[in-house]
Structure formats: structure tokens, C-alpha cells
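>>> Next input, structure requested:
(chains A, B, C, D, E and F)
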6 protein chains.
Amino acid sequence: MPVVRVEWLAGRSRAQKQELSEVFTQEMSRIAGCAPEHTQIVFTDVERSDWAVGGVLNDTPKG
Amino acid sequence: MPVVRVEWLAGRSRAQKQELSEVFTQEMSRIAGCAPEHTQIVFTDVERSDWAVGGVLNDTPKG
Amino acid sequence: MPVVRVEWLAGRSRAQKQELSEVFTQEMSRIAGCAPEHTQIVFTDVERSDWAVGGVLNDTPKG
Amino acid sequence: MPVVRVEWLAGRSRAQKQELSEVFTQEMSRIAGCAPEHTQIVFTDVERSDWAVGGVLNDTPKG
Amino acid sequence: MPVVRVEWLAGRSRAQKQELSEVFTQEMSRIAGCAPEHTQIVFTDVERSDWAVGGVLNDTPKG
Amino acid sequence: MPVVRVEWLAGRSRAQKQELSEVFTQEMSRIAGCAPEHTQIVFTDVERSDWAVGGVLNDTPKG
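Purely as a prediction, here's the structure:
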């Protein structure tokens, strides 16, 4: 039943998402006893222009 | 003031979202006494390649 | 696979959550074809002192 | 470490997001003592057809 | 209609939340034209033992 | 900058959360190249009475 959300900057590939999904699901099972078929992983790709750190959007050119 | 979020695989139509919004809002009113004009419903369509169950992304062909 | 989150002010009873869960799950099935056993509903009770509308926390006495 | 999410109707400009990011980050620092470089702001633009208020999607023509 | 969520470590006071709510709501109005009465701010206090940075939970004593 | 949220039924220990945090952070680094110090993991423990599957809250006795 666990839901794991991964929110990160857009740009990762489907292969990276697939590998992370596998590993996270296995580790949820090994460490916390969650049945793999009950673990869901949802990826949210965020554009650089939608994510600010320190008050500066991530698509801002570095001076 | 309630906020209801529906997170599901992309592919449902606008008509389905409209009908769900109506029904959910009515039921929030009937069951929990929430004024309809204060209930908000937000839909998030997730691509199959962004949602894994059992460690497998949903756009993986079944073998 | 759908996940429905209901975020509202704390104070509703278990019976209200149970009834909403049933109805929302049935309507997700009827309107959008989601298998009931795949629909999850998660409730988040928010304290009045953690929710502001119009810049005023909800536990503020009305003058 | 704080994460601030702004979920609103799509349509605001990058300049508005940048200005909000700056101000929110400064105010988080001034009011709550959060180091600016630890504050993250994430914007989620929601389409009108994905957001209902009072049981009516926001792209519904007003009668 | 905007919903702003502030997710941070537990420990801030009600007064800090009230002041942030006011300022954020004013700035949403000034910068993005959101009517103050439509802006909602929701605070989520997270315990140190529920938030890891760099793979280390925040209640870990520093060595 | 990635934020990983783990939403699951309450009951897991601090040690399980610490181990998961370490492993998830390492795998985010290995698979997706995310600097460990930029990866944050937030755990949300949900009570059984706040999570329904198939229209039934998780604290319902099985008949």
C-alpha cells in the first residue's frame, strides 16, 4: 500500500525510472516488509523554471 | 475548504472528470457537511511511464 | 491504482471517512472504470491552526 | 529544508514565479529563520479542466 | 484558488504561521493577482525523525 | 534537489526509516546522479483509520 513519490528535475530517462522503481520496491520489501505488488512509485518531473532554490529559479543562467 | 486530489493514469476524458467532480462534491456535502462552493477537486493525470506497481513501470509490455 | 487524497479540517468521524471511502470508490468505478480494489483513499486531517484562508489561520476568533 | 509548493491555475509567467520565489524565500528567512539556500519553492500549474470548485471544472463556460 | 503548502520541520509557532500566511497571501495578490480570499495556505510540520537529508534522519546526533 | 516522499501505514521504526533513507539516497546517486546531500526523504505515517483500499478503511476488522 505504500506510495513513494519521486519529485525531481525533468531529464531522467525511462530506464533510470525503471531501475529506481525496481530497487526502491525491493528495498521497501527487504527493510520494511512491504509486499512488492503493493508498493507504488510515482515520478513527477519538474521543469527548471518551476523549481527555485535560494529564491532563484533553476533555469536562471549563472552569472 | 477541503481539497480532494485525484491522481490516476492519464486517459480519462473531461466528461468523466466533470461527472466525478459533481458527485464527489455532493457527497462531501451530504456526508461531511462541506459547503459545495468550498470543495475543490484537483486531477493529476500520470503517464504510464511515471507510475510503477510492483517495481514495474505501467508502460512495460506484458510478456 | 488511483490514489484519492482528502485534505480537510480535523474533526470528521471515522464513520464519515468510511462512508466517503465507499461512495468515492464506487463512483470511481462507475464513472471511470477503476477497479474498486485498486482505488485508495487517504485522509489528511489538518488542524485549524495549520490552515489559512485569506491570510488568516482558521483558529482565529472572529471579531 | 522547507519545501513550499504553489499549486495554481496555469497561466502565470516565469517572471511572476521568479518574483514570488524571491519574496517567499526572504520571508521564510525573516519570519521563521530558514536559511534561504535551504528553502525550495516548487510550482505546479494546473489546467482549468483539471480543477473543479463547487463541483464545476474551471473551463466550464459561465451561463 | 491557489493552494500553498509549507512543509518544514516542526517547531515553528502559531504566530510565525500567522505572519507567513498574511505575507504569502498579500504577495500572491500583489505579484500574481490572486484574490486574497481564494488563497489557502496549509502548513505541514514534519518531525526530525521523518525527514532525511543526505541519507541521514534529522534527529541523528552530530558526531 | 530531489524530494522523495514515502507515504505508508504507521508502525515502522526509526531504524527502518534510517535504513531506507540511506539506501534510497545511495540509489538516487548511483542510478540518477543526484548528489546525496541534495536528496531529501520525507516519511508520512498514515493511520489505518485514514487509509481505505477497495472502499474499506484499513482498521476494519476482517469478517
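>>> Contact residues of chain A facing chain D?
Within chain A, the positions near chain D by C-beta under 8 Å from any C-beta of the partner chain are A:7, A:46, A:49-57, A:59-60. (C-beta placed from N, C-alpha, C; glycine too.)
>>> 10 Å - rerun?
A:7, A:44, A:46-47, A:49-60 (C-beta under 10 Å from any C-beta of the partner chain).
>>> Only whichever of those are buried, select them in PyMOL.
Buried residues among the residues of chain A next to chain D (16 or more other C-beta atoms under 10 Å in any protein chain shown), as a PyMOL selection:
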select buried, chain A and resi 7+44+46+50+51+52+53+55+56+57+58
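>>> Next one: the residue of chain A found nearest chain C relative to F:Glu19, how far apart?
Of all residues in chain A, A:Val3 sits closest to chain C, at 6.0 Å by C-beta to the nearest C-beta. A:Val3 is 19 Å from F:Glu19, where distance means C-beta to C-beta, to the nearest Å.
>>> show me what contacts A:Arg30?
With contact set as C-beta atoms under 10 Å, 6 or more residues apart in numbering or on different chains, A:Arg30 has these partners: F:19-20, F:23.
>>> Can you show me the strands along chain A?
In chain A, the strands defined using DSSP state E lie at A:3-9, A:40-46, A:51-53, A:56-57.
>>> can you put these in CSV and add mean pLDDT and distance to chain E?
Below are the strands of chain A laid out as CSV (pLDDT from 0 to 100; distance: least, C-beta to the nearest C-beta, whole Å):
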stretch, mean pLDDT, distance to chain E
strand A:3-9, 98, 11
strand A:40-46, 98, 14
strand A:51-53, 98, 13
strand A:56-57, 98, 14
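>>> would you turn the ones you listed into CSV with distance to F:Gln40?
As requested, the strands of chain A are arranged in CSV below (distance: least, C-beta to C-beta, whole Å):
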stretch, distance to F:Gln40
strand A:3-9, 10
strand A:40-46, 14
strand A:51-53, 12
strand A:56-57, 18
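>>> Do I have it right that A:Glu27 meets F:Glu27?
Yes - the pair formed by A:Glu27 and F:Glu27 meets the contact definition of C-beta atoms under 10 Å, at 7.6 Å.
>>> Wait, the residue of chain A closest to chain C touches B:Glu7, no?
Yes - applying C-beta under 10 Å as the test, A:Val3 and B:Glu7 come out as touching, 8.8 Å apart.
>>> residues shared between the contacts of those two?
Common neighbours of A:Val3 and B:Glu7 (C-beta under 10 Å, 6+ apart) are A:40, A:42, C:3, C:5, C:40.
>>> Show me what the third one bridges to in the sheet.
Going back to what we said before, that points to C:Val3. Here C:Val3 sits in beta bridges with B:Glu7, C:Gln40, as judged by DSSP bridges.
>>> Tell me who's in contact with it.
Here C:Val3 is in contact with A:3, A:5, A:40, A:42, B:5-8, B:44, B:46, B:51, C:38-42, F:7 (C-beta under 10 Å, 6+ apart).
>>> What are the buried residues along stretch A:12-29?
Buried, per 16+ other C-beta under 10 Å, within stretch A:12-29: A:12, A:17-25, A:27-29.
>>> Now do that stretch: distance to the chain's middle.
9 Å (C-alpha atoms, centre = their mean, to the nearest Å).
>>> now check that stretch, is it near chain F?
Yes - residues of stretch A:12-29 contacting chain F under C-beta under 10 Å from any C-beta: A:12-13, A:15-20, A:22-24, A:26-28.
>>> could you dump these to CSV with pLDDT and distance to B:Gly33?
Listed next are these as CSV, based on pLDDT from 0 to 100; distance: C-beta to C-beta, whole Å:
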residue, pLDDT, distance to B:Gly33
A:Arg12, 97, 44
A:Ser13, 98, 48
A:Ala15, 98, 49
A:Gln16, 98, 46
A:Lys17, 98, 42
A:Gln18, 98, 45
A:Glu19, 98, 47
A:Leu20, 98, 42
A:Glu22, 98, 45
A:Val23, 98, 45
A:Phe24, 98, 40
A:Gln26, 98, 44
A:Glu27, 98, 42
A:Met28, 98, 38
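>>> can you narrow those residues to ones near chain B?
Applying C-beta under 10 Å from any C-beta to these, those adjacent to chain B are A:13, A:15, A:17-20, A:22-24, A:26, A:28.
>>> from those, which is closest to chain B?
Chain B has its nearest neighbour among those in A:Glu22, at 4.4 Å by C-beta to the nearest C-beta.
>>> Leaving out sequence neighbours, find the closest residue to the closest one.
By the measure of C-beta to C-beta, 6 or more residues apart in numbering or on different chains, the closest residue to A:Glu22 outside its immediate chain neighbours is B:Gly55, 4.4 Å from it.
>>> I'd like to know how far A:Pro2 sits from A:Val53.
From A:Pro2 across to A:Val53, the span is 28 Å (C-beta to C-beta).
>>> I should have written A:Glu47 there, sorry.
In terms of C-beta to C-beta, A:Glu47 sits 14 Å off from A:Val53.
>>> before we move on, back to that, among the residues of stretch A:12-29 next to chain F, which pair sits farthest apart?
The widest separation within those, taken as C-beta to C-beta, falls between A:Ser13 and A:Met28 and amounts to 22.3 Å.
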